[in-house]
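S.K.: here are the coordinates; sequence isn't available:
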């Protein structure tokens, strides 16, 4: 079965775990958005389910506002790492999901008809595994659109 990809890129999804290579991938996402005259970059950050359940169970005992604080912390990180770098003619559509990283990325990309996924190589992040991280391998195999894996700057 041969898969045909859309070469008219209109929607790109930048996936981040906030590692250094994700920052490099964001720079590439900006360049691609400019090259295709896009006005929006879609950003997805996934919080792993087991981590989310653990901290919720533990921290809820200490603080009733844990969800608000977590959302605030993620929003601040996105603002500092990405929104501050965004050229004036681009907007960032931010999405945060809880679940298995590669599954959340694939589902989000399909549900929102993304034309390209952009992700850092993840040399030292939660995506790490053999040569390419296991999550990245799953994404590459299952994606309905091209996946650009951006290496860390040397």
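M.R.: Structure's in. What do you need? Note that the structure is a prediction, hence the values are computed from the model and not measured.
S.K.: from here on, contacts and neighbour counts on C-alpha atoms
M.R.: Noted.
S.K.: can you give me the helices in this structure?
M.R.: 20-35, 49-60, 66-81, 101-111, 134-142 (DSSP state H).
S.K.: what about those helices, which gets the closest to residue 91?
M.R.: Among these, the nearest to residue 91 by C-alpha to C-alpha is helix 20-35 (10.3 Å).
S.K.: okay, now the nearest residue to residue 41 once chain neighbours are set aside: neighbour count?
M.R.: Leaving aside its sequence neighbours, residue 41 sits nearest to residue 92 (C-alpha to C-alpha, 6 or more residues apart in numbering; 5.1 Å). Residue 92 has 16 neighbouring residues, counting by other C-alpha atoms under 10 Å.
S.K.: Same question for residue 112.
M.R.: 11.
S.K.: Redo the helices of the chain as JSON lines? Include mean neighbour count, distance to residue 14 and mean pLDDT.
M.R.: Below are the helices of the chain laid out as JSON lines (neighbours: other C-alpha atoms under 10 Å; distance: least, C-alpha to C-alpha, whole Å; pLDDT from 0 to 100):
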{"stretch": "helix 20-35", "mean neighbour count": "19", "distance to residue 14": "7", "mean pLDDT": "92"}
{"stretch": "helix 49-60", "mean neighbour count": "12", "distance to residue 14": "20", "mean pLDDT": "54"}
{"stretch": "helix 66-81", "mean neighbour count": "13", "distance to residue 14": "12", "mean pLDDT": "80"}
{"stretch": "helix 101-111", "mean neighbour count": "18", "distance to residue 14": "10", "mean pLDDT": "93"}
{"stretch": "helix 134-142", "mean neighbour count": "16", "distance to residue 14": "13", "mean pLDDT": "89"}
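S.K.: Mind putting the ones you listed into CSV with distance to residue 42?
M.R.: Listed next are those as CSV, based on distance: least, C-alpha to C-alpha, whole Å:
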stretch, distance to residue 42
helix 20-35, 10
helix 49-60, 22
helix 66-81, 12
helix 101-111, 10
helix 134-142, 17
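S.K.: Out of those, which is closest to residue 150?
M.R.: helix 20-35 (5.4 Å).
S.K.: helices or strands next to the closest one in the packing?
M.R.: In terms of contacts (3 or more C-alpha pairs under 8 Å, 6 or more residues apart in numbering; DSSP states H and E), helix 20-35 is packed against strand 12-16, strand 40-47, strand 116-120, strand 147-150.
S.K.: To residue 69, which of the ones you listed lies closest?
M.R.: The closest of the helices and strands packed on helix 20-35 to residue 69 is strand 40-47. By C-alpha to C-alpha, the value is 14.4 Å.
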